[in-house]
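A.B. asks: my questions concern the predicted model and sequence given below.
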Amino acid sequence: MSSTNPNIKKLDGKSPTGPISERWSNHKFHMKIVNPANKRKYKVIVVGTGLAGGSAAASLAELGYEVETFCIQDSPRRAHSIAAQGGINAAKNYTNDGDSIHRLFYDTVKGGDYRARESNVHRLAEVANDIIDQCVAQGVPFAREYGGTLSNRSFGGSQVSRTFYARGQTGQQLLLGAYSAMMKEVHNGKIKSHTRREMTELVIVNGKARGIITRNLVTGQFEKHMADAVVLATGGYGNVFYLSTNAKGSNASAAFRAYKKGAYFGNPCFTQIHPTCIPVSGDHQSKLTLMSESLRNDGRVWVPKAKGDKRPPAQIPEEERDYYLERIYPSFGNLVPRDVASRNAKNMCDAGFGVGATGLAVYLDFASAIKREGEDKIRARYGNLFEMYQQITDQDPYKVPMMIYPAIHYTMGGLWVDYNLMSNIEGLFVLGEANFSDHGANRLGASALMQGLADGYFVIPYTIGDYFASNKFEKLDPNHAEFETALSASKSKYDKLLAINGTKTVDEFHKQLGKVMWDNVGMARNEQGLKKAIAQIQSIRENFWKDVKVTGTNVDVNTELEKAGRVADFLELGELMALDALERTESCGGHFREESQTEEGEAKRDDENFAHVAAWEYQGDGAKPLRHIEELKFEYVKLTQRSYK
Amino acid sequence: MSSKSSSSFFNSVVKKQFMGISGLLLCGFVIAHLLGNLTLFIGPDAFNKYGYTLTSNPLIYAAEAGLMAIFLVHLVLAVQLVIENRRARPIPYAYSRKHSGRGATLASSTMPITGALTLIFLVLHIRGLKFGTHYETEVNGIVMRDLYKTTIEYFQDPLHVLFYVVAVCSLGLHVSHGFWSAFQSLGLNHPKYMPKIKCAAWAFGIVTAVGFSSLAIFSYFQGGR
Amino acid sequence: MGGNSTETMSLKLKIWRQKNAKDKGGMVDYNLDGVSPDMSFLEMLDILNNKLVREKGDSIAFDHDCREGICGMCSLMINGQAHGPQANTTTCQLHMRKFKNGDEIVIEPWRAKAFPVVKDLMVDRTAMDQIMAAGGYVNVNTGNAPDGNSILIGQNEAELAMDAAACIGCGACVASCKNASAMLFVSAKVSQLALLPQGQIEAETRALAMVEKMDELGFGNCTNEAECEAQCPKGIKLDNIARMNRGVVRGLFAARK
């Protein structure tokens, strides 16, 4: 680490002080407020219309601000928040099982392996209850008990039942709620929704974020959009790995463009891997499908005891099977946390015990559960999941054990923001998965939806007002030099991509990058692998800019060109992730450094040296970015080591 | 962009509801007409008396005008709906739409055709029978029109019989979808009763087709006497 | 999966190509070999696109995103059926094992006046957003909500509302309707909100406003064919249309009080 560099800053997260449960209320009181009549004079750009962006856009428009939203899809309703299955947490304690705001706060900090900011997490736990109320009022059809009250279930190994859900489609229903609220404001004339638009540059004028450049995905035109603040809610960057559970269109470009304009990137190496995904079936695979974690409640994970045993599972007798999770973790068994389950599956497959044609899968077997409880009970519990599995794999999980393998699922890292969700660039706010904030090094189940909506419905409406009321905004000329420069920079990037006319398709490069990332910056990382990955990514990037083939033009829809622009950014972000993973020599949460493990092979934190956020500052192409840090203080949750033995 | 000039009151749902109500009323007429005409089987006097009773009632003109109005509503709306529906898909599919087998039926997809056929049939039917050759007869001392003779004569032409049978079968098909469809358009649906209404629609269609066909065929064979 | 299907297929594809909204467009034939039965339909198109790009051709534009059947972005009329031959399945979840070696597959965009083609197989579905903006919401601002449990909702009503709310807004109902009507889409939202107490206050005006917007945008009328229900990938029921029809009648009377 270059800790001697005088340019390295200790960042201030601007957390309020005082008792943790009063911080947000006090902060709200002390923030400045924009007079209701003046709100319409401020314009806000919201990029991304998922849970965070959609809820922010609607709430800001309701307050009276002029809002313009941007999304790459044909409708704001399609953002990938829609795919979240499980549910959303809140500490309502409706089940009378001892839940409280403090417990939700505590679980989230601990689950994040002590790499999140306490003040932020507490605020998240506080507003979670309001989210449920808000969504119910909007008409989100949450599951109900016979008596008409809201139903809860337990999720992700939590000790209390605090998860609200709408069948297996909670993300969809919450997103449609936020989208409906957005459409209400479109009707009221307060939101202008731009679809099929991709943000290609952030525009900063006099140190403040004042607009964006977008590419119209239908006409290829580059457009200037001006505002008084820019809100990025563009989701995570799991697609760096090519194969992930993210949507095909999910990308990091908007956030990465902001990074290249000076916004710090926080903890880029913190990625979450989900243990129960449907394995890859061949080179044609375009994305991975997640199966709910709840399957591990009844399924037993195993591999054959003999290496390379290619017999069908039914022919492998009981004594020749290795139920390795039950063997290694006798007390938690198949229910160990996501990262532990994932890492063990990888270890088994790396050691040659993997099953299926690719050898990159382990069995998840329901035979004992079916024998114990009957097929009907299992069908009632997992029927729709089994159906989905059969649809994709053409195998019947009631008869043949499922095959599963871990997959990239969520990225805890993202643009660095302070307590007000503002990045180090004034007027640039970052919400939801796009920011780094609340989940530390590992996100708990049913917390992503909670964070997205908390940021959008209940945080940004207050903090953006404080920003507006505390600053003066000059009127901008549409021909302002900063906008002209940004526009021509965008244009030249795409022109350059079209001009290369090489031999390999964008997908080929993306797959190459994905493989390097998965092998070296995936579930387990080590110094040697990370260094190798950095070198490989650099060479892929170099080749990409020499040999990529993008056909078509820049005047009509050109999906190849869209992909090329995004992969170009992934090729830089991948390197940043590897660099961050290299410098964080401890293990924590989803970041497992093989050099830092306990005798039992568990992740070992180094709180002495790494109880901080790494926030990377771009220093120019080819130059190593600067690693600033924000110290994390733990006043309410005691630092302890996790153990699942 | 709008292809519809009508006021907001007359939205597509309301149009369908008027279509449904007028259709149900016409169904009522069809049933009454069929029941009355069954007197044909009893004999010439019964049939002629039935005709006389109807036509001698001064209210008949009001009833006919009402029927005409209902029919016109059904017709005009049908034409408007067909035009709008065609405009809604200016470029057709290259591969003709394949029915899933779980949705559209022969009846539902041919409503405009069976409707148009009914219209043609109606014109010919009224011309050939109502305004057909005028004979007179005397029943119980009352002079009245001998509609029986007109009918039997009309159906001596096998082509008339054939067209009549085809037309009433097509009408049967039309009502087998239209009858339940009206309930759906009016929002009168219930998971428990809808299957029964659909059955009733089919029964209604069959009764219409078989009932009227039998009259024509019966008439044809009466001519030989 | 698991390599249980190693044989690959060769397919004859007939695909609608259209440069942009102004272009006339036409069907173009492609032969594609090496299609694995384990591929999804969209992965098959990915392979074709990569091949086209290598051969200096312009790739075929089609809408897709989540590829797990929930975002509603994917479309495609496959051999005359919306989302292809498998019931209750979006195109992204349709797998090539449903086809045979040597099959001819005709792929077209959704066809409706309200869904103009953007390029190739990609259509503009903003009309659906416009219908939503006309009334597909509960007028409640952030911060106004009472406690979630202060509104009691029977389990049955909640389930029925959820059935309707499962609509993914893909437009298959419009595409498969012979009249290009959007009634199933509109009625799903109207029904969801009409079934819940939160939505009942505005139920009538909402139904009326959304239907009027639908008409204005040039969608056709419903003739109760039920082909929409049959081809809906999420099994949205025709009952919703009846429920909306009731709502419209009530709305007309309420509005003219």
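C.D. replies: That came through, no problem.
A.B. asks: low-scoring stretches of chain A, by residue?
C.D. replies: Counting by pLDDT under 70, chain A contains low-confidence ranges at A:1-4, A:156-157, A:644-645.
A.B. asks: domain parsing for it?
C.D. replies: A:274-408, A:483-605 (automatic domain parsing).
A.B. asks: measure the last one end to end?
C.D. replies: The separation between the terminal residues of domain A:483-605, taken as C-alpha to C-alpha, to the nearest Å, is 45 Å.
A.B. asks: quick revisit: what's the closest of the domains of chain A to residue C:187?
C.D. replies: Among the domains of chain A, domain A:274-408 comes nearest to residue C:187, with 24.0 Å by C-beta to C-beta. Bear in mind the C-beta positions are built from the backbone N, C-alpha and C, glycine included.
A.B. asks: pull the contacting residues for the spatially closest residue to residue A:366 that is not a sequence neighbour.
C.D. replies: Spatial nearest neighbour of residue A:366, excluding adjacent residues (C-beta to C-beta, 6 or more residues apart in numbering or on different chains): residue A:299 at 5.3 Å. Contacts of residue A:299 were listed using C-beta atoms under 8 Å, 6 or more residues apart in numbering or on different chains, and they are A:334, A:364-366, A:369, A:402.
A.B. asks: can you tell me which of those has the most neighbours?
C.D. replies: Of the contacts of residue A:299, residue A:402 is surrounded by the most neighbours, 27 neighbours in total, counting by other C-beta atoms under 10 Å in any protein chain shown.
A.B. asks: in chain A, which residue sits closest to chain C?
C.D. replies: In chain A, the residue that lies nearest chain C is residue A:357 (2.7 Å; C-beta to the nearest C-beta).
A.B. asks: helices of chain B, start to end?
C.D. replies: B:12-37, B:39-42, B:44-56, B:59-87, B:106-109, B:111-125, B:147-154, B:158-185, B:194-222 (DSSP state H).
A.B. asks: how about residue A:451, nearest residue that isn't a chain neighbour?
C.D. replies: residue A:438 (5.1 Å).
A.B. asks: tally of neighbours for that neighbour?
C.D. replies: Residue A:438 has 25 neighbours, counted by other C-beta under 10 Å.
A.B. asks: I'd assumed residue C:92 was in a helix, is it?
C.D. replies: Yes: assignment of residue C:92 by DSSP: H, G, I helix; E, B strand; the rest coil places it within a helix.
A.B. asks: and it, what does it touch?
C.D. replies: With C-beta under 8 Å, 6+ apart, residue C:92 has these contacts: C:40-42, C:64, C:66-69, C:74.
A.B. asks: for the stretch 351-500 of chain A, what lies in contact range of chain C?
C.D. replies: A:355-358, A:361, A:388, A:391-395, A:403, A:457-458, A:461 (C-beta under 8 Å from any C-beta of the partner chain).
A.B. asks: how about chain A: which residue is closest to chain B?
C.D. replies: Relative to chain B, the nearest point of chain A is residue A:187 (16.5 Å; C-beta to the nearest C-beta).
A.B. asks: pretty sure the residue nearest to residue A:451 is touching residue A:118, no?
C.D. replies: No: between residue A:438 and residue A:118 no contact is recorded; they are 10.3 Å apart, counting by C-beta atoms under 8 Å.
A.B. asks: from the residues of the stretch 351-500 of chain A next to chain C, which two are the most distant?
C.D. replies: Pairwise over those, using C-beta to C-beta, the maximum falls at A:357 and A:461, 51.7 Å.
A.B. asks: give me the neighbour count for residue B:21.
C.D. replies: Using other C-beta under 10 Å, residue B:21 has 16 neighbouring residues.
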